[in-house]
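Trainee: Compute the structure for the input listed below.
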Amino acid sequence: MKTERRSILKKLFASVAGVTGLGMASSQAKALEAAPEKEVGNVVNHQDVPLFSGHTKFNNLVFIAGKGAHFEGDITAHTKHVLDEVEKELIAAGSSMQKVLKVSVLLHDLNDYKAMNEAYKGRFGDKPPVRTTVAVYGGVPGNSLVEIDCIAYI
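Mentor: So this is what the prediction gives:
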């Protein structure tokens, strides 16, 4: 009798879970259909194939791709250049430095941290975003001493 009751309960739970699962799948599909498409800007191609976008917008967020400095210079010159490039991309996407929520800084050498901070200071207004800074094993791509990406709102 116990096993019979368990069997009935298992079938009941399976049928309820199946109905609930279908209902959830249906509501998730509707949510995906209603979700806005992402917008991309400044697509970088490699051998005529899209490689990455300079920025991507989704809802009221904008994601800025990592910017580097690909010229001879010290960490101060590289940081200033990279922040100028980040700002240009933010403006192109309809945002600004004051609307940045999160920044990631990749350094070629952790010994450049203090000088990078000096060049970085004040660039995001009086309410700076959260930030992660790491030194990258093997260096930043393209021989840049620093690469910076960010997430902002529009």
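Trainee: Break down this structure into its helices, ranges please.
Mentor: Using DSSP state H, the helices of the chain run over 2-34, 75-92, 113-120.
Trainee: Lowest average confidence across these, which one?
Mentor: Of all these, helix 2-34 carries the lowest average pLDDT, namely a mean of 55.
Trainee: mind giving me the domain split of the chain?
Mentor: Listed domain ranges for the chain are 1-35, 39-153 (source: automatic domain parsing).
Trainee: what about the last one, start to end distance?
Mentor: If I follow you right, that is domain 39-153. One end of domain 39-153 sits 14 Å from the other (Cα to Cα, to the nearest Å).
Trainee: biggest strand in this structure, by residue count?
Mentor: In the chain, with assignment by DSSP state E, the single longest strand is strand 49-58.
Trainee: between that one and helix 75-92, how big is the angle?
Mentor: Orientation check (axes from the mean of the first three to the mean of the last three Cα atoms, to 10 degrees): strand 49-58 against helix 75-92 gives 70 degrees.
Trainee: Show me what strand 49-58 is packed against.
Mentor: In terms of contacts (3 or more Cβ pairs under 8 Å, 6 or more residues apart in numbering; DSSP states H and E), strand 49-58 is packed against strand 39-46, strand 61-68, helix 75-92. Where you see a C-beta, it was placed from the backbone N, CA and C, and this is true even at glycine.
Trainee: what angle sits between it and strand 61-68?
Mentor: What separates the directions of strand 49-58 and strand 61-68 is an angle of 140 degrees, with the same axes, to 10 degrees.
Trainee: who does strand 49-58 pair up with?
Mentor: Here strand 49-58 is paired, per DSSP bridges, with strand 39-46 (antiparallel), strand 61-68 (antiparallel).
Trainee: Pull the contacting residues for Gly73.
Mentor: His81, Leu145 (Cβ atoms under 8 Å, 6 or more residues apart in numbering).
Trainee: Okay, it and His81: tell me how far apart.
Mentor: As for Gly73, its distance to His81 is 8 Å (criterion: Cβ to Cβ, to the nearest Å).
Trainee: The strands paired with strand 49-58: lowest mean pLDDT?
Mentor: Among the strands paired with strand 49-58, strand 39-46 scores lowest, with a mean of 64.
Trainee: Need the helices and strands packed on strand 49-58 in CSV (columns: mean neighbour count and distance to Gly54).
Mentor: Shown next, in CSV, are those (neighbours: other Cβ atoms under 10 Å; distance: least, Cβ to Cβ, whole Å):
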stretch, mean neighbour count, distance to Gly54
strand 39-46, 12, 3
strand 61-68, 21, 5
helix 75-92, 19, 5
